[in-house]
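1. A structural model of the following input is requested.
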Amino acid sequence: KKTVMWGSLLFSLAVSAPASASIFKVGTGTGCTHSTIQGAVDAANANTGVDHIILTRSVSYTQQAIYIQQAQPLTITGGYATCAATAPAGERTIVNGSGGSANSVFNVEPGAADVLFDNLLIRGGDDSSSNYGGGIDFTGSGNLTLNNVTLTQNEAGYGGGLSARGTGPDATVLFFGETVVTSNVATQDGGGIHLRGSITLYALEPNTAIWLNRATGVVNSPPGTYHGYGGGMAVLGLAKAYVGSIGYGLGAFRDNTARVGGAVAALTDSDHNGHAYLFTTDPTKPQKISGNRATAVGGAFYADADAGIFGSGSSIELWDTVIENNSAPIGSIAYLASDDAPFPFPGTESGRLTMNLSGAARPTVSVPCNANVSCSVARNNRSEDAAGNPTNGALIHGTERALVLIDNYRFTANSARSVLDLTSAGFVDVSNTLIDNNTFTAAVLQFPEGDPNVDLNHLTITDNSIGGPGVIAHRGHVELNRSIIWQP
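-> Numbers count the residues shown, from 1 in each chain. Predicted structure coming up:
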């Protein structure tokens with residue numbers, strides 16, 4: 001079984017078949033054992049032991065809807081020119097689902113063991129708006145590993161590129177090599193990736209990326225647009241995502257679009273919270289979340305809560321990140337939503353956002369940026385509608401009971417109502433933070449309603465354009481300590 005050794009960032013991954021594996025070759029010509037992928041998969045399923053399927057470029061794979069149900073480990077490798085070739089060379093093998101029935105390109109079904117996809121381009125999956133995983137639909141308790149795989153131009157209701165549901169506590173999704181999820185569409189949630197159940201995703205290598213995906217939402221009856229959560233990724237319930245890739249130096253999440261949560265949406269599901277952790281693994285190249293957009297709320301991030309889970313909410317945790325050029329009408333950086341149910345009493349839970357949480361344990365493989373590297377900064381984020389018209393939303397918007405913890409960050413060159421707008425009771429701690437050269441239509445920090453608990457420590461607020469009558473607007477308990485406010 002593949003293992004993840006966090007302390008040394010050492011991943012044990014067999015990207016080639018063990019010597020004892022049974023090998024099946026798909027294509028035409030000398031050495032080929034099967035003419036179709038499904039035929040090879042069925043043969044592997046009937047075989048006892050580890051299996052390896054080689055997909056050559058000697059045939060065209062179209063109208064594909066492959067079902068994988070075997071209980072033993074399986075590797076599917078592309079890039080071989082012919083069945084006689086001894087190693088991959090040249091382009092990745094393309095597996096295309098277009099032209100066939102509405103389905104995922106690969107369905108990895110319950111009971112399947114570890115599955116590794118290697119050196120493939122998977123596109124053209126077109127499952128229906130009520131189904132999961134346009135490119136890959138994975139359900140299981142083992143490991144799904146993608147090495148040098150591109151998921152592109154796929155569509156489904158949930159997880160346009162990839163849907164992964166864990167059915168056991170050890171289920172994982174691992175991204176290696178140059179694995180890219182790009183230009184996929186979810187008509188419901190998770191434009192690029194949709195995670196649910198007990199499963200954890202790790203995307204830590206430098207050239208993995210989640211770009212240009214969309215979660216559009218659907219029009220239901222009564223009329224209105226619903227869903228559309230997580231343009232890049234939606235993380236539900238027990239699921240977790242650890243993303244440390246620098247995305248070719250451009251950012252792991254870039255230019256994704258959603259109705260809610262352009263880059264990532266962390267969502268509650270069946271009384272469990274989703275959690276996403278984004279961090280830097282190269283001290284010279286910070287993690288970037290760039291150019292993502294939401295048409296409703298949460299340009300980069302969205303997190304919500306469920307009234308049935310007392311004292312908690314779904315969360316976004318950021319370490320040493322650069323958040324730039326994201327936009328939304330409200331919450332161009334993040335929108336934190338509360339429950340609205342009467343149990344145990346209204347507004348007891350909300351989404352959570354932490355940025356360099358002081359005193360908390362960092363993800364083991366994360367590293368702080370070097371001192372000369374621009375890091376832990378939010379810049380050029382904008383509150384605007386889909387047409388680019390300015391709106392009156394804050395960079396970070398928290399509804400009732402929102403929890404926002406920020407340490408050692410800089411907010412600069414942003415355009416919004418304010419940095420933070422907390423609409424009702426909640427908890428905010430902002431420390432060691434510089435807020436400069438922004439354009440705000442109201443106060444820099446807004447706490448207008450309820451009774452929020454706000455601690456502001458070691459802040460510098462300077463050279464901002466402020467449209468409101470003051471720098472901090474509050475009604476409730478606010479402590480301001482050892483801070484510099486130097487405004488014209």
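2. where in the stretch 251-400 of the chain is pLDDT low?
-> Along the stretch 251-400 of the chain, segments meeting pLDDT under 70 span 307-312, 339-349.
3. cool, the stretch 1-150 of the chain as well?
-> Low-confidence segments of the stretch 1-150 of the chain, defined by pLDDT under 70: 1-20, 111-112.
4. just the strands in it please.
-> 3-5, 10-12, 22-26, 51-56, 66-68, 74-80, 93-96, 106-108, 115-123, 136-140, 143-152 (DSSP state E, counting those that start in this stretch).
5. of all the ones you listed, which lies closest to Val478?
-> Closest to Val478 of these is strand 3-5 (C-beta to C-beta; 42.6 Å). Yep, even glycine has a C-beta here, placed from its N, CA and C like the rest.
6. thinking again about what came up before, can you put the strands of the stretch 1-150 of the chain in a markdown table and add mean neighbour count?
-> Compiled in a markdown table, the strands of the stretch 1-150 of the chain are given as follows (neighbours: other C-beta atoms under 10 Å):
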| stretch | mean neighbour count |
| --- | --- |
| strand 3-5 | 13 |
| strand 10-12 | 12 |
| strand 22-26 | 20 |
| strand 51-56 | 25 |
| strand 66-68 | 21 |
| strand 74-80 | 24 |
| strand 93-96 | 22 |
| strand 106-108 | 25 |
| strand 115-123 | 25 |
| strand 136-140 | 26 |
| strand 143-152 | 24 |
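7. would you turn these into a markdown table with distance to Gly262?
-> Formatted as a markdown table, the strands of the stretch 1-150 of the chain follow (distance: least, C-beta to C-beta, whole Å):
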| stretch | distance to Gly262 |
| --- | --- |
| strand 3-5 | 28 |
| strand 10-12 | 29 |
| strand 22-26 | 39 |
| strand 51-56 | 34 |
| strand 66-68 | 31 |
| strand 74-80 | 31 |
| strand 93-96 | 28 |
| strand 106-108 | 27 |
| strand 115-123 | 23 |
| strand 136-140 | 23 |
| strand 143-152 | 19 |
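8. nearest to Leu162, of the ones you listed?
-> Nearest to Leu162, of all those, is strand 136-140, at 4.9 Å by C-beta to C-beta.
9. ranges for the helices of the protein?
-> With DSSP state H applied, the chain shows helices at 37-46, listed in chain order.
10. center of it - which residue?
-> Met233 (3.5 Å; C-alpha atoms, centre = their mean).
11. surely it meets Gly190?
-> Yes: using C-beta atoms under 8 Å, Met233 makes contact with Gly190 at a distance of 6.2 Å.
12. give me the common contacts of these two.
-> Ala265 (C-beta atoms under 8 Å, 6 or more residues apart in numbering).
13. quick one, what contacts Cys83?
-> Lys25, Val26, Gly27, Thr28, Gly29, Thr30, Gly31, Cys32, Thr33, Ile54, Thr56, Ser58 are the contacts of Cys83 under C-beta under 8 Å, 6+ apart.
14. find the residue closest to the fourth one in space, skipping its chain neighbours.
-> In this structure, Thr28 finds its nearest non-sequential neighbour in Ser58, 5.0 Å apart by C-beta to C-beta, 6 or more residues apart in numbering.
15. quick check: the gap between Val471 and Leu395.
-> From Val471 across to Leu395, the span is 15 Å (C-beta to C-beta, to the nearest Å).
16. ok, these two, which is more surrounded?
-> Between Val471 and Leu395, Leu395 has the larger neighbour count (other C-beta atoms under 10 Å), namely 29 against 19.
17. if the residue nearest to the centre of the chain is in a bridge, with which residues?
-> Note on Met233: beta-bridge partners Ile193, Val264, judged by DSSP bridges.
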